[in-house]
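# Here is the input, now give the coordinates:
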Amino acid sequence: MAKKKYKFNPDTLSYESVGLSWKAKAAKILTYFSSSLALAIVITLIFVNFYDTPRSKHLMRENKRLLTQYELLSKDLDKVANVLAELQQRDDNIYRVIFEAEPIPSTVRNAGFGGANKYSELEDMDNAELVIATAHKLDVISKQAYIQSKSYDEVLELALNKEKMLASLPAIMPITNTDLKRTSSGWGYRVHPIYKVRKMHWGQDFTAPVGTPIYATGDGKVTDVSGSKRSKVGLGLHVKIDHGFGYETVYGHMNEFNVKRGQQVKRGDIIGYVGNTGGSTAPHLHYEVHKDGRKVNPAYYMFKDLTPQEYDKMIAISSNIGQSLD
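All right, here's what the predicted structure looks like:
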């Protein structure tokens, strides 16, 4: 039972009970409420900071599981990257070599990602370093896999066109040369017949009488039929054939044409006749092979006409002739 307060009243010479005003009651209630609220807050803070709720325990277990899964994913991505590197190596050094295709440059395979930082949203996460590293691995592997898939598409197309490519290769000699006696100056530095200085001879010469037939060495399309009999420099009358697959052949110092520009030819078709036009000092054919815009040794491509012994003999003959005919 709450104690009552009394106050002496001198007028009545008696004690009278003293009651609280409504303001005092309100203040007292507010004090009790504030104290209770403050105590509740303190207890809640202690509980939150020092004791785990069932939900927080569940989230912590989930985080640990996710962290473990990220670590396992990162290891699996490393294995995938190793397998992809092996596929790239086989692609560049086996498949593309077989089909005479250029390997994919490492700058293309390993190109980075430009622009803004795509992982900025992950930087504030717990274990951000692991998460970002794993995401980056995944992006790199995805891009390299895409490039590799495109490479295989190209290799598949080359495989399907293999028969056409073999027919297009400049794989025979451009004139009849069964005994190899028409083999003259070959690829390499030779003494120029007019200037008498050593110059690079970018093709293979074949001596033959004027009017000897000249054959297309592979299937292709005639892209150039030009020159003049009056000119005393250059290739004179000459023909160029685009064989596709990066191959082009040039036939110089001709006496007469047997094809027109734009004409499709087959290996063995007569495209013209041996002459002595341009900067030539004797009747002969100057023959060149270009691969991807670069001049290459024509002797490398005459395998269809020659046995290994004949090939060695031809190389020996063409190498021992110190002066070219053009």
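# Quick one: residues in contact with stretch 225-236.
237-239, 250, 252-255, 257, 259-261, 275-280, 286, 326 (C-beta atoms under 8 Å, 6 or more residues apart in numbering). Glycine gets a C-beta too; all of them are placed from N, C-alpha and C.
# Any of the residues you listed buried? List them.
Neighbour counting with 16 or more other C-beta atoms under 10 Å marks 237-239, 250, 252-255, 257, 259, 275-280, 286, 326 as buried within the contacts of stretch 225-236.
# mind listing which of those residues are in strands?
237-239, 250, 252-255, 257, 286 (DSSP state E).
# Quick one: classify the nearest residue to residue 304 once chain neighbours are set aside as helix, strand or coil.
In space, and not counting its chain neighbours, residue 304 is closest to residue 171: 4.0 Å by C-beta to C-beta, 6 or more residues apart in numbering. What DSSP: H, G, I helix; E, B strand; the rest coil gives for residue 171 is coil.
# Kindly report the same for the one 3 residues further on.
Using three-state DSSP, the three-state assignment for residue 174 comes out as coil.
# Quick check, pLDDT for it.
Here, the pLDDT recorded for residue 174 equals 93.
# and the nearest residue to it once chain neighbours are set aside, what are its bridge partners?
Closest residue to residue 174 apart from its sequence neighbours, by C-beta to C-beta, 6+ apart: residue 287 at 5.0 Å. Residues in a beta bridge with residue 287, per DSSP bridges, are residue 204, residue 251.
# And the helices in the stretch 101-250 of the chain, which stretches?
Applying DSSP state H, counting those that start in this stretch to the stretch 101-250 of the chain gives helices spanning 106-109, 128-160, 162-168.
# could you give the mean pLDDT of the longest one?
Averaged across helix 128-160, pLDDT comes to 86.
# on that earlier part again, and the residue nearest to residue 304, how close does it get to residue 33?
Distance, residue 171 to residue 33, using C-beta to C-beta, to the nearest Å: 102 Å.
# and these two? which has more neighbours close in?
Shown here are residue 171 and residue 33; by other C-beta atoms under 10 Å, residue 171 has more neighbours (15 against 10).
# Report pLDDT for that one.
90.
# what's near enough to touch it?
So residue 171 contacts 217-218, 267, 301-305 (C-beta under 8 Å, 6+ apart).
# Just give me the closest of those residues to residue 123.
Nearest to residue 123 among those: residue 301, at 57.8 Å, using C-beta to C-beta.
# burial of the closest one, as a residue count?
Count around residue 301 with other C-beta under 10 Å applied: 21.
# Now it. Its backbone dihedrals?
Main-chain dihedrals, residue 301, degrees, to the nearest 10: phi -110, psi 10.
# need the contact list for it.
169-171, 217, 289.
# Can you go through these and name the buried ones?
169-170, 217, 289.
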